[in-house]
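Visitor: Requesting a structural model of the entry that follows:
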Amino acid sequence: MSNEHLGRTLRRLRRLASLTQEELAERSDVSVDVIRQLEQQRKHSARLPTLHALANALGVELTTLLGDPPAVASTGETDGPRFVAVRRAITPVMWGPPPEPPGPDFSLDALRDRIADGWSQYHAAEFDALMKALPDLIAEARSATVVQSDDDRSAAFVALGKVLQLGGHLSVRMGKTDLALTGLERAIQAAEQSADPLLAPMIANSVAWTYQRQGRLDDALHVALHAAGTAEQSGHTNTADGLKVWGALTMSAATSAARAGDYDRAAAMMETAEKAAARVSKLPEGSDSRMVSVFSPSSVRIERVRLAVQYGHPEEALKLAKGMRLSKDTPPSWRTWLLLDVARAHTDTGDAAGAVKTLESLRRVAPEWMRHHTLAVAIVRDLWSLPNHPPGLRPLAEFLGVAA
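Guide: Model (predicted):
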């Protein structure tokens, strides 16, 4: 998001929260004059601590205020043909023809593999490729649900639930949260027609995440806790896949609690989740790891770092991140987020040299992701405003277009 959009975003989020400028100033401890200047675009940027305080007061992530990194080209209702195809696949035309049974060359195993590959693309932030493939995947999964065999039909509804869940995630990344919720509701309906008891709670976690993106923190917390409690009461936490689903829901609940201002409750949830994550490797191998929730000691620790830095505990974030070894199943996107959060924690503690060193690592592993990430740019802009520039800052500033 360019700087001139900051004021419009701040005004929109403030109004969504039903706050006056004076009320936001009181909640954030940011002067009402600064808020007015930002909203009137007389001031086009602010230091990270100021933006952080405003985001917390509004109950949103800092990246929501800054503008999420662009996933794929999106311009509201005038989306390009590719996303129109995704929208049509998630919400097919009313009174349209029912799906026809798959042809003789159809393979449910092959469909499952392609959906799993789609999740891999999603976690690798390959959104353009995913958007191109998704409509056919959804159509093929719908077609598979009209087969005659009960077992095959149940398995097909699992595939349909997973691919609609994937469509929901992509829709969130496109900023289309209402479409995401529609797709996720249909995914849960598919899950209820399958024999997989973990699919509905997995999709419920996606619903909670989407509610978070809409600022519906109480709803997100309720959904995550309810689904986690149901999974635990049903005995699913005695399997590797079930424990992963429970863990992801618990981490989601912690995020909602932290964003609602209850950081202590969130930290306690995350500590519980991290202890439970150590059990995953001791349980029998589950299904394709690309098709279940991301939950391991590494993923929990990364989330703990994220919550600590987002909610004003940078020293704790750096302590949690120190010496961390990432497991092989940690998605690439989680690794890059960890580096960005550590850089931000260094910035918040005044360690400019540590921030630059971490940002240099981030540039090596994800240069294009970093170039377009609003938070990375904001961190470097903050460092560039310092009177004394640490070694290595100029190349980063030039790479991100911050250097004058």
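
Visitor: only C-alpha atoms for contact and neighbour calcs from this point on.
Guide: OK.

Visitor: And the helices in the stretch 151-300 of the chain?
Guide: Counting by DSSP state H, counting those that start in this stretch, the segments of the stretch 151-300 of the chain that form helices are 177-192, 199-213, 217-233, 240-259, 263-277, 297-310.

Visitor: So for the first one, mean pLDDT?
Guide: Read it as helix 177-192. For helix 177-192, mean pLDDT rounds to 96.

Visitor: in it, what's buried?
Guide: Across helix 177-192, burial judged by 16 or more other CA atoms under 10 Å covers 177, 179-181, 183-188, 190-192.

Visitor: which residues are contacting the worst-scoring helix or strand of the chain on mean pLDDT?
Guide: Using mean pLDDT, DSSP states H and E, helix 62-66 stands out as the lowest-scoring helix or strand of the chain, at a mean of 78. When contacts are defined by CA atoms under 8 Å, 6 or more residues apart in numbering, helix 62-66 is touched by residues 1, 6, 9-10, 13, 51-52, 55-56, 69, 310, 374-375.

Visitor: Present the residues you listed as a markdown table; the columns should include pLDDT and secondary structure.
Guide: Below are those laid out as a markdown table (pLDDT from 0 to 100; DSSP: H, G, I helix; E, B strand; the rest coil):
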| residue | pLDDT | secondary structure |
| --- | --- | --- |
| M1 | 40 | coil |
| L6 | 80 | helix |
| T9 | 84 | helix |
| L10 | 88 | helix |
| L13 | 83 | helix |
| L51 | 87 | helix |
| H52 | 82 | helix |
| A55 | 85 | helix |
| N56 | 80 | helix |
| P69 | 51 | coil |
| Q310 | 82 | helix |
| T374 | 83 | helix |
| L375 | 87 | helix |
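
Visitor: which one of these sits closest to I35?
Guide: L10 (8.4 Å; CA to CA).

Visitor: I'd like to know how many residues surround that closest one.
Guide: Applying other CA atoms under 10 Å, we find 22 other residues in the vicinity of L10.

Visitor: Show the average pLDDT along stretch 215-232.
Guide: Stretch 215-232 comes out at a mean pLDDT of 94.

Visitor: Alpha carbons of it, in PDB - could you do that?
Guide: Extracted in PDB, the C-alpha atoms of stretch 215-232 (Å, rounded to 0.1, in the frame of the first residue of the first chain):
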ATOM      1  CA  GLY A 215     -12.300  -7.600  13.200                       C
ATOM      2  CA  ARG A 216     -14.900 -10.000  14.700                       C
ATOM      3  CA  LEU A 217     -12.600 -11.100  17.500                       C
ATOM      4  CA  ASP A 218     -15.200 -12.400  19.900                       C
ATOM      5  CA  ASP A 219     -16.700 -14.500  17.100                       C
ATOM      6  CA  ALA A 220     -13.300 -15.800  16.100                       C
ATOM      7  CA  LEU A 221     -12.400 -16.700  19.700                       C
ATOM      8  CA  HIS A 222     -15.800 -18.500  20.200                       C
ATOM      9  CA  VAL A 223     -15.500 -20.600  17.000                       C
ATOM     10  CA  ALA A 224     -11.900 -21.600  17.700                       C
ATOM     11  CA  LEU A 225     -12.500 -22.600  21.300                       C
ATOM     12  CA  HIS A 226     -15.700 -24.400  20.500                       C
ATOM     13  CA  ALA A 227     -14.100 -26.500  17.700                       C
ATOM     14  CA  ALA A 228     -11.000 -27.200  19.800                       C
ATOM     15  CA  GLY A 229     -13.100 -28.300  22.700                       C
ATOM     16  CA  THR A 230     -15.200 -30.600  20.500                       C
ATOM     17  CA  ALA A 231     -12.100 -32.200  19.000                       C
ATOM     18  CA  GLU A 232     -10.600 -32.800  22.400                       C
END
